[in-house]
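Chemist: Sequence plus predicted model, see below.
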Amino acid sequence: MCGRKFGKTTTASEEIAACAFSKNERRVIYIAPTLDDARRLMWERLKKIFKNCTEKNNETRLELLVPTQDGGTSNIFLGSWEKVENYRGDEFDLAVFDEVQDYREFWLGWRNAMRPTLTPRRGSALFMGTPKGFNHLYDLFMMDKEEEAFKSFHFTTYDNPYIPKEEIEEAKRQLTEDSFAQEYLADFRKMEGLVYKEFDRRKHVVNEEWEVFDKRFAGVDFGTTNPCGIPTILKDKDGRYLVSDEIYERGLTDAAIADRVAAEGFNEVYPDPESPGGIKELKDKGVNVRDVKKGKDSVKNGINVVRELFKANRLFIHARCKNLIWELETYAYPDKRPLHNEEENPIKENDHLLDALRYALVMEMPASRIPMMSVYRPKRAGFARR
């Protein structure tokens with residue numbers, strides 16, 4: 001976990017070169033958010049390290065064949081997180097992940113695509129980044145408290161002796177406290193513009209299992225290219241809710257989603273009404289499908305209901321629901337533009353489980369139990385206080 005310009009990419013290039021050079025037939029991959037990022041951040045660095053001694057360069061595929069200390073060769077590959085599914089079935093001695101905070105759907109790609117590539121060679125992984133709210137990079141950083149195989153390190157921009165201290169202090173004067181702490185001190189802070197700013201891991205993420213509850217239901221956000229999101233929701237007699245599990249997968253057809261939902265035996269299910277084919281599949285499987293109504297301001301109003309549940313400590317998330325937690329901590333409004341009103345609806349990304357959660361909670365909850373948003377308007381000409 002490093003502040004800006006600490007030198008993490010330089011560190012990565014040295015690790016990659018050392019691993020490739022140390023033994024014959026090593027396979028090493030460096031991954032950035034996009035292929036353009038990989039080319040910009042790492043390609044020239046590696047060519048410089050192996051200057052005049054590479055066996056073969058492939059500028060198009062961003063691959064290097066380099067000599068080893070025992071007279072053989074090793075392969076270095078540059079790739080992108082956008083294409084993480086392409087690495088299924090491959091194998092590596094070292095995988096280096098740069099700017100991890102910007103990866104989308106990290107846990108899905110890590111567990112399903114990248115972690116298995118290290119198994120055949122008992123390979124290692126290096127994750128690097130600068131905080132971006134409490135997202136998956138935070139979870140990775142905290143893994144050394146849970147798993148012996150993980151070790152975390154923290155460095156600030158001040159730790160780089162080649163960056164003038166007066167330049168850092170100048171940045172400190174120009175940035176907000178939170179921005180400076182995040183970008184230069186590598187300190188975890190909540191992102192600006194978050195939709196669910198009331199969500200607090202310390203209060204709302206739990207490890208307990210509910211043995212007794214009144215109802216077990218779910219929302220469904222269909223997806224094939226995009227991930228399908230299905231949160232399992234428990235409700236107790238006091239009107240509290242626990243999201244106890246999640247399904248978050250790509251490539252599922254409507255029929256496959258219906259099979260998964262039917263197997264769960266939910267009391268009731270609230271699917272996206274804009275997917276009539278998926279709803280039909282659910283009904284054909286005998287699922288108790290309940291209507292979800294969409295209309296003007298339904299997104300904004302539904303968000304307010306979920307926010308109020310967090311504020312009232314009536315909504316909790318089990319720690320195993322890592323993708324939902326990631327969405328809660330990255331779902332944001334667009335940056336405010338000069339001379340424009342603030343956007344009322346969030347950016348349409350990082351929202352698959354959140355949409356499903358919103359469908360289910362808003363429609364399941366009796367109108368009399370929906371939390372009310374309190375509003376205060378100062379009394380002035382033409383307006384009444386209410």
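Modeler: That came in fine, so what should we check first?

Chemist: Now do the helix or strand of the chain with the lowest mean pLDDT: distance to the chain's middle.
Modeler: When each helix and strand of the chain is scored by mean pLDDT, DSSP states H and E, strand 56-58 comes last, with a mean of 81. Relative to its chain's centre, strand 56-58 lies at 34 Å (CA atoms, centre = their mean, to the nearest Å).

Chemist: Just the buried residues of that strand, please?
Modeler: For strand 56-58, a neighbour-count test (16 or more other CB atoms under 10 Å) marks N57 as buried. Using the backbone N, CA and C atoms, a C-beta is placed for each residue, glycine as well.

Chemist: for that strand, packing partners?
Modeler: Strand 56-58 is packed against strand 63-67, with contacts defined by 3 or more CB pairs under 8 Å, 6 or more residues apart in numbering; DSSP states H and E.

Chemist: which strands and helices sit next to the strand it packs on?
Modeler: In terms of contacts (3+ CB pairs under 8 Å, 6+ apart), strand 63-67 is packed against helix 8-22, strand 56-58, strand 73-80.

Chemist: and the ones you listed, which one's lowest on average pLDDT?
Modeler: Between the helices and strands packed on strand 63-67, the lowest average pLDDT goes to strand 56-58, which shows a mean of 81.

Chemist: What strands flank that one, and is each parallel or antiparallel?
Modeler: Strand 56-58 has these partner strands in its sheet, going by DSSP bridges: strand 63-67 (antiparallel).

Chemist: what about dumping the CA coordinates of the strand it pairs with to CSV?
Modeler: Below are the C-alpha coordinates for strand 63-67, written out as CSV (Å, rounded to 0.1, in the frame of the first residue of the first chain):
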residue,chain,number,x,y,z
GLU,A,63,5.8,-10.5,-24.2
LEU,A,64,9.5,-10.9,-23.5
LEU,A,65,11.7,-14.0,-23.7
VAL,A,66,14.7,-13.3,-21.4
PRO,A,67,17.9,-15.1,-20.4
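
Chemist: Check what contacts it and list those residues.
Modeler: With contacts defined as CB atoms under 8 Å, 6 or more residues apart in numbering, strand 63-67 is touched by 17, 20-21, 46-47, 50, 53-58, 73-78.

Chemist: Buried members of these into ChimeraX, please.
Modeler: Buried subset of the contacts of strand 63-67, written as a ChimeraX selection, criterion 16+ other CB under 10 Å:
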select :17,20,21,46,50,54,57,73,74,75,76,77,78
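
Chemist: picking up where we left off before, now tabulate the helices and strands packed on strand 63-67 in a markdown table and tack on distance to Y196.
Modeler: A markdown table is the format used below for the helices and strands packed on strand 63-67 (distance: least, CB to CB, whole Å):
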| stretch | distance to Y196 |
| --- | --- |
| helix 8-22 | 30 |
| strand 56-58 | 44 |
| strand 73-80 | 29 |
